[in-house]
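> prediction below, plus the sequence it came from.
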Amino acid sequence: MQITKRETIYEGDYLRIVKKYFTADSGHQGVWEVVERKKVYKRVVIIFALTENREVVLEKQFRITCECPVIELPAGLTDQAEESEEQTAQRELFEETGYQAQKVIPFFSSVAAPGLTNSEYVYFFAPNARFIGQNKGDDNEEIEVFTVPVDKLVDFCLEQQNNPAVKVDDKILNLLPILQKKNLI
């Protein structure tokens with residue numbers, strides 16, 4: 001597979017849509033539309049924060065893309081060039097939830113939705129997170145912060161399936177076996 005041409009067809013403040021023309025090994029030629037983030041210096045950070053009482057810090061945030069609240073892990077863009085991914089994870093955890101951890105441990109990385117975007121994620125484990133102040137969030141973020149015991153997380157997420165007014169981000173559950181395999185939880 002070879003990319004033969006890139007053409008920007010839309011460019012906004014935060015996203016651009018690019019047509020990528022390609023030639024497959026078979027000789028077939030085609031085009032694929034890709035969403036690219038702008039103003040991001042590194043990967044998107046996602047934080048699996050666990051309190052001293054073994055509760056996972058979660059958010060319920062209204063997402064304009066879904067037109068409803070979504071239950072998800074704290075996360076953010078590395079939109080400050082001078083910040084490391086670890087610093088971004090610490091900052092986003094506090095800004096969005098009011099929780100702070102002494103350390104954040106990178107434990108996995110992945111691509112987001114590879115058929116749609118070139119975004120990459122880096123996941124951090126934040127052990128012994130403590131609530132130290134009110135979450136601030138951005139003006140465009142309406143975030144409700146809550147915790148769920150880690151041993152009840154799967155049941156909690158499954159129960160949310162019965163609530164048509166809310167969606168659950170699958171990354172919450174996808175990370176559990178990785179955290180267990182690495183003996184982090």
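Ah, there it is.
> now do the end-to-end distance for stretch 98-114.
Between the opening and closing residues of stretch 98-114 there is a gap of 32 Å (C-alpha to C-alpha, to the nearest Å).
> same question for stretch 154-171.
12 Å.
> buried residues of that stretch, list them for me.
For stretch 154-171, burial by neighbour count (16 or more other C-beta atoms under 10 Å) applies to F156, C157, K167, V168, D169, K171. Bear in mind the C-beta positions are built from the backbone N, C-alpha and C, glycine included.
> quick check, the second one in a strand?
It stands for C157. No: judged by DSSP: H, G, I helix; E, B strand; the rest coil, C157 forms no part of a strand; its state is helix.
> okay, it and V168: tell me how far apart.
For C157, the distance to V168 equals 5 Å [C-beta to C-beta, to the nearest Å].
> domain ranges for the protein?
What automatic domain parsing lists as the domains of the chain is 2-37, 44-181.
> who touches both of C157 and V168?
Taking C-beta atoms under 8 Å, 6 or more residues apart in numbering as the criterion, C157 and V168 both touch I71.
> how near is I71 to K20?
In terms of C-beta to C-beta, I71 sits 33 Å off from K20.
> again with P177
Going from P177 to K20 by C-beta to C-beta gives 33 Å.
> neighbour count winner among these two?
K20 (15 against 9; other C-beta atoms under 10 Å).
> quick check: buried residues in the longest helix belonging to the chain?
Taking DSSP state H as the criterion, the chain has its longest helix at helix 85-97. For helix 85-97, the neighbour count (16+ other C-beta under 10 Å) marks E85, T88, A89, Q90, E92, L93, F94, E95, E96, T97 as buried.
> give me the residues contacting that helix.
42-43, 45, 47, 49, 57, 59, 74-78, 80, 83, 99-101, 104, 106, 122, 124, 126, 129, 131-133, 135-137, 141, 143, 145.
> average model confidence for it?
For helix 85-97, mean pLDDT is 95.
> and stretch 104-114, by the same measure?
pLDDT averaged over stretch 104-114 gives 93.
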